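Student: the following block contains a protein sequence and its predicted model.
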Amino acid sequence: MYICIYFKKNSIMNLYNLSDTDIFLELAHRVKKRRLNLNITQEELSNKAGLHVQTIKNFEAGKTTNLLTFIQILRAFGDLDALDSFLPDPGVSPIQLLKLKGKERERASGNSKDNTNESSW
């Protein structure tokens, strides 16, 4: 799977070439641009999101934060549907459902092959 995002000058970059920190910084930059496009101050966003204004400042500055903060910001923007576009619910495969006799899968058995190229999480 090849994942791309548009950056500041509309040039396409492969996310796999970026560090985790660079991806987070791009996300923080996009949140700031979204806030500015909506003409919302950091204080107004903090009030709408139920967060301290310093939390918004830290997030936009690319300082470490948590996923809950990001969700609260998306909710304040009215953009929670972006999460569904980002990571849609895969549902249960009809074939898997038949194999499991109608029960949903609760754990993975892992692959029998050595996956040294796979992510550690």
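Tutor: The structure has been received and is ready for your questions.

Student: surely residue 49 touches residue 68?
Tutor: No - using CB atoms under 8 Å, residue 49 and residue 68 do not qualify as a contacting pair, with a distance of 10.4 Å. C-beta coordinates here come from the backbone N, C-alpha and C atoms, glycine included.

Student: which of the two has more neighbours?
Tutor: Higher neighbour count among residue 49 and residue 68: residue 49, with 21 against 9, using other CB atoms under 10 Å.

Student: ok, so what distance separates the more buried one from residue 71?
Tutor: Counting by CB to CB, to the nearest Å, the gap between residue 49 and residue 71 amounts to 9 Å.

Student: list residues touching both of the two?
Tutor: Taking CB atoms under 8 Å, 6 or more residues apart in numbering as the contact criterion, residue 49 and residue 71 have no common neighbours.

Student: give me the neighbour count for residue 79.
Tutor: Residues near residue 79, counting by other CB under 10 Å, number 14.

Student: element containing it?
Tutor: Secondary-structure assignment from DSSP states H and E places residue 79 in no helical or strand segment.

Student: and it, what does it touch?
Tutor: Going by CB under 8 Å, 6+ apart, residue 79 touches residue 34.

Student: can you give me the helices in the chain?
Tutor: Assigned helices in the chain, in chain order: 20-37, 42-49, 53-60, 67-77, 81-86, 94-99 (criterion: DSSP state H).

Student: adding mean pLDDT, write the ones you listed out as TSV.
Tutor: Listed next are the helices of the chain as TSV, based on pLDDT from 0 to 100:
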stretch	mean pLDDT
helix 20-37	94
helix 42-49	98
helix 53-60	97
helix 67-77	96
helix 81-86	87
helix 94-99	73
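
Student: so residue 35 makes contact with residue 43?
Tutor: No - with contacts defined as CB under 8 Å, residue 35 does not count as touching residue 43, sitting 11.0 Å away.
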